[in-house]
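> any chance you can model this:
(chains A, B and C)
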Amino acid sequence: MIGLSHYLVLSAILFSIGLVGVLRRKNLLMLFFATEIMLNAANVAFAAISYHYNDLSGQMFAFFVVAVAASEIAVGLGLLVILYKKYGTLDLDEFTVMRG
Amino acid sequence: MTTFAFYFFATLITLLFLVTVLSRNVLYAMTALAAGMVLISGLFFMLDAAFLGAVQLVVYVGAVMALYSFAMMFFDANKDIKERNGSAVTVFLLGGAIAVMLVVIFTAPLIGQGVASLYPPAEGATNPQAVGLVLFTKYLVPFEVAAVMLLVAMISGIILAGKKMDFSLSVVEATKSIDSKTIDNMDNTEKKGDK
Amino acid sequence: MENLLYIALFSPLVGSLFAALFAMSPKNIITGIVTSALLLISFIASAILFEHVMTVGAVHVTMMDWIMAGDMLIPFGFLVDQISVTMMVVVTLVSTVVHIYSIGYMDHDKSFNRFFSYLSAFVFSMMVLVMSDNFLGLFIGWEGVGVCSWLLIGFWYHKEDVSRDVNPSISPSWAANEAFIMNRIADLGMLIGIFILYWNTGSLQYDVVFAALPNLSDGILVAAAIALFVGAMGKSAQFPLHTWLTDAMEGPTPVSALIHAATMVTAGVFLIIRANPLYAMEAVEWVSYFIASLGTFVAIFAASMALVCRDLKRIIAFSTLSQLGYMFAAAGLGAYWIALFHLAAHAFFKALLFLGAGNVMHAMNDELDIFKMGGLKKVMRWTYLYMGLASLALSGIGIAGVGLAGYFSKDAIIETAFNEQNYILWIILIVTAGMTAFYSFRQVFLTFHGSKRYADTEIHPHDMYKYVLIAMSPLAILAVIAGFFKGWFEEFVTVLLPAYKMSEETHHIAWILGLVVIAFAVGGIVLAYIKYNKGLKRNEELENSLVYRLLSNQYYIPQLYDKIFSKPYAAFSRFSWLTLDQKIVDATVDGIGNMIKTGGDNTRKIQTGNLSDYLRWMARGVVLLVIVAFISHQLSQGAN
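This next block holds a predicted model:
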């Protein structure tokens, strides 16, 4: 039988995949993808907990997470476009203006 | 049946996301991500969160992915991404450590105890109905705030990306080392043309 | 009456602030006139208050609550009673004269306005000192006059330091610092005394403190009396804290007249008189006796140094010291009202003497060596008259109940010593009276009589401005007539101060005692006349004798202080600076700074500017935090 912990473990694995993406990739667009993965992992956990405890709060949080993710992408992509226009690349290794 | 469905979904999602994270090609990555999102909505349906599943499909697979696709047109997605990926060991170690810790914390005893249901689904209502009832009563203010936030995000997205939309990116392609100065000059000539 | 009190108190402050407005601008005669006028107002107010106190009684006002902390309540109040009103009148009168005098004396000084600002500020501080109704207000005024004294002694701060054999007081700034530091040492004693009184009586108000005195143990009374007297010793320049007073003559002469003769230095005597209920206690009898003995010692000690001194102002400074000794002798013997009377009378003739000396200096282009003067009698008729009068008053000339101010006041002190059957003190005081007469007239004769020893220089002496000479006249008149008010004054102040009556026997032979004193005084004058009237005949042998050199070098006490205190302290300071501060403190501070700097240099590499690296650092941080949170959670579980 599939219980709460199954879902939570899956959520943790997905989150870590996203984290690996965030840490490893240098392309900003890929970083965004990885962030999406992490947010979705969180959503899975929310939904599972909501189901398990028979409480709709978890789903509510998932909705707001979706809303935040959507806003983030709208703004973030705008910024990416500008960056690309300015530097012609999205590689993080190229953006080292703030080197100390 | 549910066991099979869970493992099926879980395996596929993990694999697809791994493809997303590790792929060199943006197009592959995005496709894999979209597919993973669809499968996650499957998980939601399994968890009796039909409305959330629908939202997942509509927002992520519909809106977000469409946004990415359009954005990608700017970024020349056909080429493989060339990156200098340094020591993968640290990264996987960190990712693994965090995964393990999350699992330990999630599965630790005591943490889930004493949790009482605050907003149980209404009796005899379908999931979307129940969600609606809670969302528009208990979570009305956050909902409105989220709406405002989305509006702000939309406006900022338009302004950020929409500026100089008529400025051809192929020029950037041609003159690799274009700097902001030339862009400004172009702006000026355009403005003069407008007048 | 309250308004009058505030007028008397605050008009000098207003004058000071007004003059301060012009402090940085060139000489402006207005500042002198305004400050003098305001002081005149203050004097008039004080005089009216005097009349009021005499007919109606003391005025006591509380201006505001000053310090309120827990149980501590110190109101900022003022008390005008017999003692303080006497001081007020003396201070404001002398100050007014000195202010007017200064308009003439400081005529050519480029810091004219600044001078008046300081001078009025001093008067204000002095008024706070005498009018305060509690020890803390007295202390504020006490420190205020200290600061003003410092400012004024060092008024010509731009003068270079010279060695001690050229000028015994080295330089104005040196003298100012010496005065200030010596007073700080003594003020510590005074503060301790105030603390002791507060600790044990719970108040600083004079009336409350004095009312509580009988309940205190003997030890506390003695400690408080000694500590307060240490403060008085500093301000009144009693041995061994006396060296600053003669060095303070580096200041402009009006300052010497006002601060270092007539007013500030008497603050110590004032304190003892003010605290007379404490010093009259049975338990502190020996402290009082010590005060009297020390006063007598300082009287003859200072007079002996004046005998051979060649510096016009220093002679008068020594005589001030000597007269302060007389006052302490009287106060110590319990004759507080006599001390106060001598204080007032002395203020008049001593200020006059100083102002006269200022005239001479002015005429002689700031020459101070009396060996280089002489024969000034003809050109400086008025000054000669004033100084002669003042010297007569100082010497205590008079006979059979008719005489100058000093005759009444100083004789009364000597008589007191006799009356206490303290014949040693009595003899010393009489001898000192003779010495006083001698050195006063030695100075007068050397300055005004004999040949013109300055003839071969370019100096053309002339008398002071008319208005200055007129302004000095009140002092001259008072120096002559002040003594006649003795009986009346006694009646006035003994309302508050313990009445001191001579015993029957003393009373009977008083005229003989008086004659003895007069004999000594006249003897001194005659000796001075024989020796110096004809002119200066220098005696090499005498001047090279041990005693002469001892006296003219002030018993080598300044040199001794230099060796014992200044030099080792300077060496210690140097050691602290070079070793303690630079090698230890600075090194520690620098070390901390360097550590952070090198740390920053080394960790700077973390800031690569690459977002990826930052994200990795963030992930590491998250791992760390989660581990810490997990462990602490486990620990708290374990604790439960």
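> for the closest residue to C:Ser236 other than its chain neighbours, what are its contacts?
Nearest residue to C:Ser236, sequence neighbours excluded (C-beta to C-beta, 6 or more residues apart in numbering or on different chains): C:Gly268, at 3.0 Å. All C-beta spots, glycine's among them, are computed from the backbone N, C-alpha and C. C:Gly268 makes contact with C:Gly231, C:Ala232, C:Met233, C:Gly234, C:Lys235, C:Ser236, C:Gln238, C:Leu324, C:Phe328 under the criterion C-beta atoms under 8 Å, 6 or more residues apart in numbering or on different chains.
> quickly list what C:Ser132 is bridged to.
C:Phe78 (DSSP bridges).
> ok, it to chain B distance?
Relative to chain B, C:Ser132 is positioned 67 Å away (C-beta to the nearest C-beta, to the nearest Å).
> since we're on that residue, how many residues are nearby?
25 (other C-beta atoms under 10 Å in any protein chain shown).
> that one contacts C:Leu79, correct?
Yes. The criterion here is C-beta atoms under 8 Å, and C:Ser132 meets it with C:Leu79 at 7.2 Å.
> need the residue closest to the centroid of chain A.
A:Thr35 (2.4 Å; C-alpha atoms, centre = their mean).
> that one and A:Leu19 touch, don't they?
No. Counting by C-beta under 8 Å, A:Thr35 does not reach A:Leu19; the two are 9.8 Å apart.
> can you map out the helices along the stretch 51-200 of chain C?
C:82-105, C:112-131, C:135-153, C:172-201 (DSSP state H, counting those that start in this stretch).
> quick check: mean pLDDT across the first one?
The predicted model assigns helix C:82-105 a mean pLDDT of 90.
> could you say what helices and strands that helix packs with?
Judged by 3 or more C-beta pairs under 8 Å, 6 or more residues apart in numbering or on different chains; DSSP states H and E, the packing partners of helix C:82-105 are helix C:2-21, helix C:29-55, helix C:112-131, helix C:253-257, helix C:267-274, helix C:336-363, helix C:466-481, helix C:486-493.
> tell me what angle that helix forms with helix C:29-55.
With axes from the mean of the first three to the mean of the last three C-alpha atoms, to 10 degrees applied, the angle from helix C:82-105 to helix C:29-55 works out at 160 degrees.
> just the CA atoms of helix C:82-105, as CSV, please.
The C-alpha coordinates for helix C:82-105 follow below in CSV (Å, rounded to 0.1, in the frame of the first residue of the first chain):
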residue,chain,number,x,y,z
GLN,C,82,25.0,87.3,56.1
ILE,C,83,28.0,85.4,54.9
SER,C,84,27.1,85.1,51.2
VAL,C,85,25.9,88.7,50.9
THR,C,86,29.2,89.9,52.3
MET,C,87,31.0,87.9,49.8
MET,C,88,28.7,89.1,47.0
VAL,C,89,29.2,92.7,47.8
VAL,C,90,33.0,92.3,48.0
VAL,C,91,33.1,90.2,44.8
THR,C,92,30.9,92.5,42.7
LEU,C,93,32.5,95.7,44.0
VAL,C,94,36.1,94.5,43.3
SER,C,95,35.0,93.0,40.0
THR,C,96,33.3,96.2,38.9
VAL,C,97,36.4,98.2,39.6
VAL,C,98,38.6,95.7,38.0
HIS,C,99,36.4,95.6,34.9
ILE,C,100,36.6,99.3,34.5
TYR,C,101,40.4,99.2,35.2
SER,C,102,40.8,96.5,32.5
ILE,C,103,39.3,98.7,29.9
GLY,C,104,42.3,100.9,30.3
TYR,C,105,44.8,98.2,31.1
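> if we can go back for a sec, ok so the residue nearest to the centre of chain A is a strand residue?
No. Counting by DSSP: H, G, I helix; E, B strand; the rest coil, A:Thr35 falls outside a strand, being helix.
> who's in contact with it?
A:Gly18, A:Val22, A:Glu72.
> show me the shaky parts of chain B.
Across chain B, residues meeting the criterion (pLDDT under 70) sit at B:76-81, B:84-87, B:108-115, B:163-195.
> what's the answer for the stretch 301-450 of chain C, then?
Checking the stretch 301-450 of chain C against pLDDT under 70 turns up C:399-401.
> just the helices in it please.
Using DSSP H, counting those that start in this stretch, helices in the stretch 301-450 of chain C cover C:312-332, C:336-363, C:381-395, C:405-419, C:423-448.
> what do you get for chain A?
A:4-24, A:28-53, A:57-87 (DSSP state H).
> export those helices to JSON lines and tack on mean pLDDT?
Listed next are the helices of chain A as JSON lines, based on pLDDT from 0 to 100:
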{"stretch": "helix A:4-24", "mean pLDDT": "89"}
{"stretch": "helix A:28-53", "mean pLDDT": "90"}
{"stretch": "helix A:57-87", "mean pLDDT": "88"}
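> any chance of the ones you listed in TSV, plus distance to C:Phe485?
Formatted as TSV, the helices of chain A follow (distance: least, C-beta to C-beta, whole Å):
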stretch	distance to C:Phe485
helix A:4-24	101
helix A:28-53	101
helix A:57-87	97
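> for the residue of chain B found nearest chain C, pull up the helix or strand it's in.
Nearest residue of chain B to chain C (C-beta to the nearest C-beta) works out as B:Leu94 at 4.6 Å. In the assignment (DSSP states H and E), B:Leu94 maps to helix B:88-107.
> do the following helix or strand past that helix and chain A meet at all?
Next along the chain after helix B:88-107, taking DSSP H and E as the criterion, comes helix B:127-135. Yes. Helix B:127-135 reaches chain A (C-beta under 8 Å from any C-beta of the partner chain) through B:Ala130, B:Val131, B:Val134, B:Leu135.
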